[in-house]
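> Here is a sequence together with a model predicted from it:
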Amino acid sequence: MTDPKTAREDLVDHRHYRYRGCAPDPEQRGMASAGGMEKVPLDVWGPYTDDGAEPQKTRLDRERLAKQVCARCPVLAACRTYANTTSVDADGVEHLVEPEGVMGGELALTRHRALIARRHAATTGTLAAAPGDTAAAVPSAGPAVPPVRDMAEGRTAQKRAVLDALARETDPELVAARAGMDVRTANWHRSALVTLLGLDKERATRDQLLAAAVDQGLLPPSTRIRPDGRWAYAAAPTTDGARQRRIAPGRPVQLVLPGLEHMPRTRRPLTRPGRPPSGRGPARLLGQRTRLRHLAAVRTLTQPLIPTTVLEPAA
């Protein structure tokens, strides 16, 4: 791992650092030199600091312009190396030194994904050797030993409910309804379980998540798992379905009514508050009468108008 301080010194001490594309233009206040490109503000490299959310088109245009300038920058390699360096906090968690903005021609999201991929590779023992790194290229004597994970977090009531529902249902809404929570919360627990079990969010399937849960004792071995058929389905779905479409592009997606996708699906009681439910009591009759009134009103409104003949008075 490259030391952040050394990488920063290599970038600043580069002989062409003063000609970098994001350097301030001495003749135009608030503008960048941009390697000869005109009218490039300094804030195109981000991060966005104004109030409210940045419009998507504005953000995409800003990031596209920043990457165009970076592609012509003479210190692109040194800047990218420094932007991808990491530091470890007091809790032992590795973080990017530059977690925001466009640096080295890469978005912050690209750098974060690369860091997550390195973490996953280090966890599974599939870390690739860097160019020229002979020590890392030597194969290990045996298979990588997976780290010991604390499964106490996976035994909470909510995560157990999500796992039980996931074994019986395949659709995210049905999983959330059976677990007794909204879709967003259920998907969050599924994503946390994927991370807890050491699986890849971008490639893990529902069957892999449930199999890992059985191996770790989060589900009993006798659990009957409903198969997905031939569709490989993501174990950590996103609300907009982007990850599902990327992993299984041909899988049918259930239609969701706008505004109701995060509401738990429960049956509405026919009884009024404070009255015990009854199969043949007044509460059921009241519900039937209400439905009949609505049906009669709908029929009245939908009946076609029948033209009538008006007779003129005799002369």
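Structure received. Numbering: from 1, shown residues only.

> All the strands of this structure, residue numbers only.
In chain order, the chain shows strands spanning 86-88, 94-96, with DSSP state E as the criterion.

> Can you redo the ones you listed as CSV, where the extra columns are distance to Pro41?
To be clear about C-beta, it is placed using only N, CA and C from the backbone, and glycine gets the same treatment. Shown next, in CSV, are these (distance: least, Cβ to Cβ, whole Å):
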stretch, distance to Pro41
strand 86-88, 29
strand 94-96, 24
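
> a markdown table please, covering those strands and showing mean neighbour count.
Compiled in a markdown table, those are given as follows (neighbours: other Cβ atoms under 10 Å):
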| stretch | mean neighbour count |
| --- | --- |
| strand 86-88 | 14 |
| strand 94-96 | 14 |
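
> lowest-confidence helix or strand of this protein?
helix 134-137 (a mean of 41; mean pLDDT, DSSP states H and E).

> Isn't Glu98 up against Tyr82?
Yes. Between Glu98 and Tyr82 there is a contact at 7.2 Å, judged by Cβ atoms under 8 Å.

> and Arg18, how many neighbours?
10 (other Cβ atoms under 10 Å).

> how near is it to Arg80?
For Arg18, the distance to Arg80 (Cβ to Cβ, to the nearest Å) stands at 18 Å.

> Show me where this structure has its helices.
4-12, 56-71, 76-83, 108-124, 134-137, 157-168, 172-179, 183-196, 206-215, 242-247, 282-302 (DSSP state H).

> from the ones you listed, which stretch is densest packed?
With neighbours taken as mean count of other Cβ atoms under 10 Å, those reach their highest mean count in helix 172-179, at a mean of 22.

> okay, that helix in CSV with CA atoms only?
Below are the C-alpha coordinates for helix 172-179, written out as CSV (Å, rounded to 0.1, in the frame of the first residue of the first chain):
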residue,chain,number,x,y,z
PRO,A,172,-38.6,-7.9,-2.8
GLU,A,173,-42.1,-6.6,-1.9
LEU,A,174,-43.3,-10.1,-0.9
VAL,A,175,-40.2,-10.5,1.2
ALA,A,176,-40.8,-7.2,3.0
ALA,A,177,-44.5,-8.0,3.5
ARG,A,178,-43.7,-11.4,5.1
ALA,A,179,-41.0,-9.9,7.3
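
> how close does the residue lying closest to Ala236 once chain neighbours are set aside get to Arg111?
With sequence-adjacent residues excluded and distances taken as Cβ to Cβ, 6 or more residues apart in numbering, Ala236 is closest to Ser191, at 3.9 Å. For Ser191, the distance to Arg111 equals 21 Å [Cβ to Cβ].

> Likewise for Ala7?
13 Å.

> leaving aside the residues next to it on the chain, what's closest to Leu11?
Ala78 is the one closest to Leu11 (Cβ to Cβ, 6+ apart), at 4.4 Å.

> isn't the one you found right up against Asp10?
Yes. Using Cβ under 8 Å, Ala78 is in contact with Asp10, at 5.5 Å.

> In contact with Ala71, which residues?
Gly105 (Cβ atoms under 8 Å, 6 or more residues apart in numbering).

> what do you get for the one 4 residues further on?
Counting by Cβ under 8 Å, 6+ apart, Val75 touches Leu11, His14, His16, Tyr17, Arg20.

> Looking at these, which one is closest to Arg168?
Leu11 (54.1 Å; Cβ to Cβ).

> Against Gly21, how distant is the closest one?
Leu11 is 13 Å from Gly21, by Cβ to Cβ.

> pLDDT score assigned to the residue lying closest to Thr185 once chain neighbours are set aside?
Take Thr185 and drop its neighbours on the chain: the residue closest to it by Cβ to Cβ, 6+ apart is Ala176, 7.3 Å away. On the pLDDT scale, Ala176 is placed at 89.

> and if you look at Gly36?
Value for Gly36, per-residue pLDDT: 69.

> now swap in Val310 and tell me
pLDDT at Val310 comes out at 50.

> before we move on, back to that, so which of the strands of the chain comes closest to Gly52?
Closest among those, using Cβ to Cβ: strand 94-96, at 25.4 Å.

> residues in contact with the closest one?
Contacts for strand 94-96 (Cβ under 8 Å, 6+ apart): Ala83, Asn84, Thr85, Thr86, Ser87, Val88, Asp89, Ala108, Arg111, His112, Leu115, Arg119.

> thought the first one was touching Glu106?
Yes. Under the criterion of Cβ under 8 Å, Ala83 lies in contact with Glu106, with a separation of 6.5 Å.

> Residue ranges in the stretch 151-300 of the chain under the pLDDT threshold?
229-233, 239, 251-300 (pLDDT under 70).

> can you redo the strands of the chain as a markdown table with distance to Pro227 and mean pLDDT?
Shown next, in a markdown table, are the strands of the chain (distance: least, Cβ to Cβ, whole Å; pLDDT from 0 to 100):
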| stretch | distance to Pro227 | mean pLDDT |
| --- | --- | --- |
| strand 86-88 | 40 | 89 |
| strand 94-96 | 38 | 89 |
